[in-house]
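> One predicted model, sequence on top.
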Number of protein chains: 2
Amino acid sequence: MLVLSNDEVARLLSMEECMAALEPMYRDYAAGRALLSPRVDNIAPTGHAGGGYYGFKHMGGTWPAQGIQALRINSDVITHPLVAGTRRRVKVPAAGGRWVGLVLLFSTETGALLAMFPDGVMQRLRVGAASGLGLKHLAREDAATLAIIGSGWQAGAQLMAARAVRRFKEIRVFSPRKETRERFARDNEIRSVDSAEQCAAGADVILAATSSMVRVIEPQWLKPGMHVGCIKTEEIDGEVLDRCDRVFVHDRKQAKSYTNVLADTPNVKEEHDGGWWKERKGRYPDLGELLSGSAPGRQRAEEITCFANNVGTGLQFAAAGAAVLRKASDMKIGTDLPDDWFTEDVHP
Amino acid sequence: MLVLSNDEVARLLSMEECMAALEPMYRDYAAGRALLSPRVDNIAPTGHAGGGYYGFKHMGGTWPAQGIQALRINSDVITHPLVAGTRRRVKVPAAGGRWVGLVLLFSTETGALLAMFPDGVMQRLRVGAASGLGLKHLAREDAATLAIIGSGWQAGAQLMAARAVRRFKEIRVFSPRKETRERFARDNEIRSVDSAEQCAAGADVILAATSSMVRVIEPQWLKPGMHVGCIKTEEIDGEVLDRCDRVFVHDRKQAKSYTNVLADTPNVKEEHDGGWWKERKGRYPDLGELLSGSAPGRQRAEEITCFANNVGTGLQFAAAGAAVLRKASDMKIGTDLPDDWFTEDVHP
């Protein structure tokens, strides 16, 4: 059983490799040759001194073509502070100053637990890769200007993915905290601007990558020929979607998601009611349908297209995980633990 | 992060301790103070040379009173051979001759992964403990004769649990393979008999503990004053249930279970269609309601009572797991792995 660190996963998986690993999985999934398990969230009171609530989330995916079953687990203390006037969802690093997110990979051939590693690096790469694949098939070929709303960890992955599929001449970033966005701009050799409007004006592609729980893309920003993307449903709303000619979500079926809230947990309705996604469930095709060709991508230069990452799936971890395992084995990277610890000689 | 072996779990948890750990959990659960996540089964083709299919199952439970979130995972290659003329569900030890079942325990206070261990010993103890708690509240106080159908690993736990709550004067066992049942009888100092009818005749309590996929308790065996139990729904059927005056299932709500079958997987309908359980969902109260007193147990000596373990829950592993963790810490048992391997410094 292989234990990998986030640093090792980062060495084993580039954005390009992640996109290449995910693309055939989406086609298999669209053809009924890969399986999701529902995303389940358990929400309960926490004993954590700083308040908030406890959230336990897991999502699985079975990809027989690669012989991999993945399970991604998040075990978090969650709060909803106001940051620069906007409500955010913040996971508290309550485990000795660290967070808890894990990926487990199993073999569908032997059942064995093959590997276990923190989810952070892979989680970011697969969110970026999904957006990149959407962008590749939806944005105009000649898209030249990119606007990024948000300057955190996820924004970096959106930038990497966008750069992997289009040659942008200008890239701009806006986020409310000046210092953060200027550092992000410096690190990525792009331009920091002082307002979201300035960032969006004249862009061919707008990508939101924030932890905001309210809309960050304004409908009036959308102009013919544009592509917009977001990494969570709250970043856009029905008004934004209604201005788009062609909308794809990440996954239609993962609508199969279950939130179990224990009675005396602090109110999290705002986070879990789903907004437009709940109302419009099943209305938009998804990335699998786009990549397999069963739902057409951009047809005309003047269309406004949208890729909304409504929810992640365990299959993304199965696909990226299979690629990481192959390379880890080739490069002999990771810490091996005794298989006997994670198997048993009694019938379970 | 503590790694425990099955042997260590066995040292840390007796049947009596397991029952004591589970009882308050069922009361909290009945009062809405503990949370399940649905049981999910993903069924897909396997590359295993011996055929069968791949089954990935997980079930979770959150018990805030103990600060524990449990997730129990099974990753199996499964076949359905005929054994002594009866169809059985058999998990193939395809992981180097071993099986793969794991329990993960997390802290609801910090999110941290606290422990990981194979599920075998605990899985058996909690199945036995649930039956034992049912028996304790449903069988006649003066029950003197016990009949056990089945002589495997689970039958042993049923016997331990039954002995923990009643003083039986005679205990008999029947199972189709003579050698196995005679060894079981010898090991447990009970009597082996040559037919199921002989085993059941005149018994005060009949407990089925088999891997059978068809009925093993015949309706005409049931007489006034008897208690019957089973560890899977297939062991009994509607005819058996209709002869009982008072039926309890293990868990009504875990009816929330999801089976996702990939299109080209060999037919497993027989295993997953649910039988009487599906038709009678919600009709019978459950162990939480029995233990919390909201549904009454046996009222008269001549009643026929039944406890049907329809499905397991992740909360059983949370409760038994919390007890094991406390004792492991006191006794300094287990292998500690670096917490840094299972936490991260990037926001997941």
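Perfect, thanks for sending it. Not measured: the values here are computed from a predicted model.
> Looking at whichever helix or strand residue A:291 is part of now, give me its mean pLDDT.
With elements delineated by DSSP states H and E, residue A:291 resides in helix A:287-292, which encompasses its position. With pLDDT averaged residue by residue, helix A:287-292 scores 97.
> That one: which residues count as buried?
Under the neighbour-count criterion of 16 or more other CB atoms under 10 Å in any protein chain shown, helix A:287-292 has A:287-291 buried. Backbone N, C-alpha and C define where each C-beta goes, glycine included.
> in the stretch 101-250 of chain A, which spans are strands?
Ranges of strands in the stretch 101-250 of chain A, per DSSP state E, counting those that start in this stretch, are A:101-107, A:113-118, A:145-149, A:170-174, A:191-192, A:205-208, A:227-230, A:246-249.
> How many residues are close by residue A:121?
Using other CB atoms under 10 Å in any protein chain shown, residue A:121 has 28 neighbouring residues.
> next one: residue A:188
Residue A:188: 18 surrounding residues under other CB under 10 Å.
> how far away is it from residue A:155?
According to CB to CB, to the nearest Å, residue A:188 stands 9 Å off from residue A:155.
> now swap in residue A:25 and tell me
In this structure, residue A:25 lies at 24 Å from residue A:155, with CB to CB as the measure.
> one step back: just how off-centre is the helix holding residue A:291 within its chain?
17 Å (CA atoms, centre = their mean, to the nearest Å).
> what about that helix, near chain B?
No - applying CB under 8 Å from any CB of the partner chain, one finds helix A:287-292 separated from chain B by no less than 14.5 Å.
> Equivalent analysis for stretch A:56-69, please.
Yes - among the residues of stretch A:56-69, A:56, A:58, A:60, A:62, A:64, A:67, A:69 lie within reach of chain B under CB under 8 Å from any CB.
> you'd agree the fifth one is up against residue B:45?
Yes - in terms of CB atoms under 8 Å, residue A:64 counts as a neighbour of residue B:45; the distance is 5.0 Å.
> Now do the shared contacts for the two.
Contact with both residue A:64 and residue B:45 is made by residues A:108, B:54, B:262, according to CB atoms under 8 Å, 6 or more residues apart in numbering or on different chains.
> pLDDT on stretch A:248-265, on average?
For stretch A:248-265, mean pLDDT is 81.
> hmm, I was thinking of stretch A:47-55
89.
> What residues of it count as buried?
By neighbour count on 16+ other CB under 10 Å, the buried set for stretch A:47-55 is A:48, A:52-55.
> ok, residues contacting it?
Counting contacts by CB under 8 Å, 6+ apart, the residues outside stretch A:47-55 that touch it are A:41-46, A:74-80, A:92, A:94, A:265-266, A:268, B:62, B:64, B:67, B:69, B:108-111.
> could you redo the last one with a cut-off of 6 Å?
The contact list for stretch A:47-55 (CB atoms under 6 Å, 6 or more residues apart in numbering or on different chains) reads A:43-44, A:46, A:76-79, A:94, A:265-266, B:67, B:108-109.
> And for stretch A:305-320?
Outside stretch A:305-320, the residues within contact range by CB under 6 Å, 6+ apart are A:18, A:21-22, A:25, A:29, A:34, A:36, A:59-61, A:63, A:68, A:70, A:72, A:103, A:122, A:126, A:130, A:134, A:138, A:227-231, A:233, A:244, A:246-251, A:254, A:277, A:298.
> Please state the offset of it from the chain centre?
On the basis of CA atoms, centre = their mean, stretch A:305-320 is displaced by 6 Å from the centre of the chain it belongs to.
> and the end-to-end length of that stretch?
Stretch A:305-320 has an end-to-end distance of 26 Å (CA to CA, to the nearest Å).
> and the residue in the stretch 101-250 of chain A that chain B sits nearest to, how many neighbours?
Here the residue of the stretch 101-250 of chain A nearest chain B is residue A:101; by CB to the nearest CB that distance is 3.1 Å. If you count neighbours by other CB under 10 Å, residue A:101 ends up with 25.
> how about residue A:228, what does it touch?
Taking CB under 6 Å, 6+ apart, we find residue A:228 in contact with A:206, A:217, A:306.
> picking up where we left off before, what's the most distant pair in the buried residues of stretch A:47-55?
Longest distance between any two of the buried residues of stretch A:47-55 is 11.5 Å, between A:48 and A:55; criterion CB to CB.
> Just give me the closest of the buried residues of stretch A:47-55 to chain B.
Nearest to chain B among those, counting by CB to the nearest CB, is residue A:54 at 4.2 Å.
> Give me the phi and psi for that closest one.
The phi and psi torsions at residue A:54 (degrees, to the nearest 10) take the values phi -100, psi 130.
> And residue A:90, by the same measure?
Given degrees, to the nearest 10, the pair of backbone angles that residue A:90 has is phi -120, psi 130.
> Excluding chain neighbours, give the residue nearest to the residue of the stretch 101-250 of chain A closest to chain B in space.
residue B:348 (3.1 Å; CB to CB, 6 or more residues apart in numbering or on different chains).
> what's the answer for residue A:285, then?
Leaving aside its sequence neighbours, residue A:285 is closest to residue A:295 (3.5 Å, by CB to CB, 6+ apart).
> Next, count neighbours for the one you found.
Neighbour number of residue A:295 under other CB under 10 Å is 16.
> Give me the three-state assignment for it.
Reducing the assignment at residue A:295 to three states with DSSP: H, G, I helix; E, B strand; the rest coil gives coil.
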